[in-house]
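Visitor: make a model of this:
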Amino acid sequence: MALVSVIVPTFNRAYCLARTLDSALAQTHADLEVLVVDDGSTDETRSLIQTRYADEPRVRYLHQENRGVAAARNHGIGMSRGDFVALLDSDDVWKPWKIELQLCCLMQFPELGMVWTDMEAIDPSGQVFDHAYIRKMYSAYALFPDGELFAESVTLRTLLPSMADIVGEARLRMGSIFSQMIMGNLVHTSTVLIRRERLEMVKGFNETLCYSGEDYDFHLRTCRYGPVGLVDMPAIQYQRGMPDRLTRREYRIHVATNFLRTITHFIDTARAEIHLPQRMINGALADAHEWIGELQFEANDIPAARRELYASIRCQWLQKRTWRLFLSCYLPDGLRTWLQLHHRQRSQPRPGPSP
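Guide: Okay, here's the model as predicted:
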């Protein structure tokens, strides 16, 4: 059997961590190690691991000073021993057959370096409110019909007949999607299973991307190195609505600026590998600058908002909404304050995770 290393970064999540770890340990593929990387927690995380999992040899506890989720994941990856690595956030929950199904896909198609899945979204009470959430959370899916995003697909039941009752008519979709990923993230981290060989090419998470965006950068680099696959059915439950999530409103500026930083880097350094028309690339840059500009406008940082909105217009001239925002920066204070409140209530879907 193939050893799978499960990397679980955590910070002050003792209140929900056991549920997450239990879902990993309950996998039908039992040959795994679970590396809990405690990023300087001040709650009962250490004692939880020492008491609840004292007799579970598959759980390894690693502690580090607080350095952020990217550093925690990299620490876990560096200490892992598996031929395959799975990533799991400390408040999400796996279906028991997740790893078995993904391993089957990777074994059947050795050219795939990574496989991810759809997900159910659950509220703080644990109730599912969306049974297929990935296309809602990541708006870049709307830019590409499945036939344009993935070159081929197969029904999952043909790969693993023993799971036919579970997978139904769901499909494994496969292809090289580096170009499409420039338009926005398509991969959710807690759903990922990655081959060690691909991981060694990617070389971990970018620790300079603070608060958010390190996931997108990592998955974009993973897709750059070859074909990947989407198991087009939910295999995890994704937690929404917790107060400590990095997708809260106050973190959106970091999501937006890191998104722009990431795509600008690849557009500048790997343009020959991006098989998209220039108008789409200009559109991605325009959207990124407009996103930052809108957030700066809402925060009343008007000079920064003007700068970003003007950069957006330079990338793509005909944008009614961006022009309207840009001109609003020159309105009297009282009217502009009303518009700022109005914009907070009418936030638009963006390429990164929804707040």
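Visitor: contacts only, for Arg135.
Guide: Asp118, Tyr141, Ala142 (CB atoms under 8 Å, 6 or more residues apart in numbering). No exception for glycine: its C-beta is placed from N, CA and C like everyone else's.
Visitor: hmm, which of those residues are the buried ones?
Guide: Those of the contacts of Arg135 that meet the buried threshold are Asp118, Tyr141, by 16 or more other CB atoms under 10 Å.
Visitor: contact partners for the residue nearest to Arg171 when sequence neighbours are not counted?
Guide: Spatial nearest neighbour of Arg171, excluding adjacent residues (CB to CB, 6 or more residues apart in numbering): Ser153 at 4.5 Å. Listed by CB under 8 Å, 6+ apart, the contact set of Ser153 reads Asp146, Arg171, Leu172, Arg173, Met174, Asp232.
Visitor: quick one: which of the contacts of Arg135 sit in helices?
Guide: Of the contacts of Arg135, none are assigned to helices by DSSP state H.
Visitor: how about the strands in the chain?
Guide: Secondary structure of the chain (DSSP state E): strands located at 4-10, 32-39, 59-64, 84-87, 93-94, 114-122, 128-130, 152-155, 171-175, 193-195, 228-239.
Visitor: Val202: which of the ones you listed is closest?
Guide: Comparison of those against Val202 by CB to CB identifies strand 193-195 as nearest, at 7.9 Å.
Visitor: which residues sit against that closest one?
Guide: Contacting residues not belonging to strand 193-195 are listed as 4, 83-87, 99, 102-103, 106, 112-116, 202, 222 [CB under 8 Å, 6+ apart].
Visitor: distance of the residue nearest to Arg171 relative to Asn12?
Guide: The gap separating Ser153 from Asn12 is 41 Å, by CB to CB, to the nearest Å.
Visitor: give me the number of residues near the nearest residue in space to Arg52 that is not next to it in sequence?
Guide: For Arg52, ignoring the flanking residues on the chain, the nearest one in space by CB to CB, 6+ apart is Ala18 at 6.0 Å. Neighbourhood size, Ala18 [other CB atoms under 10 Å]: 15.
Visitor: surely Ala18 touches Thr51?
Guide: No - contact criterion CB atoms under 8 Å: Ala18 and Thr51 do not qualify, at 10.3 Å.
Visitor: anything in contact with each of those two?
Guide: Both Ala18 and Thr51 lack any common contact, where contact means CB under 8 Å, 6+ apart.
Visitor: contacting residues for the nearest residue to Pro9 once chain neighbours are set aside?
Guide: Using CB to CB, 6+ apart and skipping the chain neighbours, the partner closest in space to Pro9 is Ala72 (3.5 Å). Shown in contact with Ala72 (CB under 8 Å, 6+ apart): Pro9, Thr10, Phe11, Val37, Asp38, Asp39, Gln64.
Visitor: where do the domain boundaries of the protein fall?
Guide: Domain assignment of the chain by automatic domain parsing yields the ranges 4-239, 249-344.
Visitor: show me where the stretch 201-350 of the chain has helices.
Guide: Under the criterion DSSP state H, counting those that start in this stretch, the stretch 201-350 of the chain contains helices at 214-224, 252-269, 278-298, 302-315, 320-328, 333-344.
Visitor: out of those helices, deepest packed?
Guide: Counting by mean count of other CB atoms under 10 Å, helix 214-224 has the highest mean neighbour count of these, with a mean of 24.
Visitor: model confidence for the residue nearest to Arg171, exactly?
Guide: If you check Ser153, the pLDDT there is 96.
Visitor: could you number the chain from 132 rather than 1 from now on?
Guide: With the count now opening at 132, the last piece we talked about shows up as Ser284.
Visitor: quick check: bridge partners of it?
Guide: Applying DSSP bridges to Ser284 gives these bridge partners: Arg304.
Visitor: distance of it from Thr151?
Guide: 30 Å.
Visitor: then Ile384?
Guide: Distance from Ile384 to Thr151, counting by CB to CB: 28 Å.
Visitor: in stretch 331-350, what's buried?
Guide: 333, 335-337, 340-350.
Visitor: of the domains of the chain, which shows the lowest average pLDDT?
Guide: domain 380-475 (a mean of 88).
Visitor: circling back: looking at the contacts of Ala203, spot the one nearest Ile253.
Guide: Using CB to CB, the contacts of Ala203 come closest to Ile253 at Thr141, 18.3 Å.
Visitor: so what's the closest residue to the closest one other than its chain neighbours up against?
Guide: Nearest non-adjacent residue to Thr141, counting by CB to CB, 6+ apart: Ser221, 3.7 Å away. With contact taken as CB under 8 Å, 6+ apart, Ser221 is in contact with Val139, Pro140, Thr141, Phe142, Arg144, Cys147, Leu148, Thr151, Val167.
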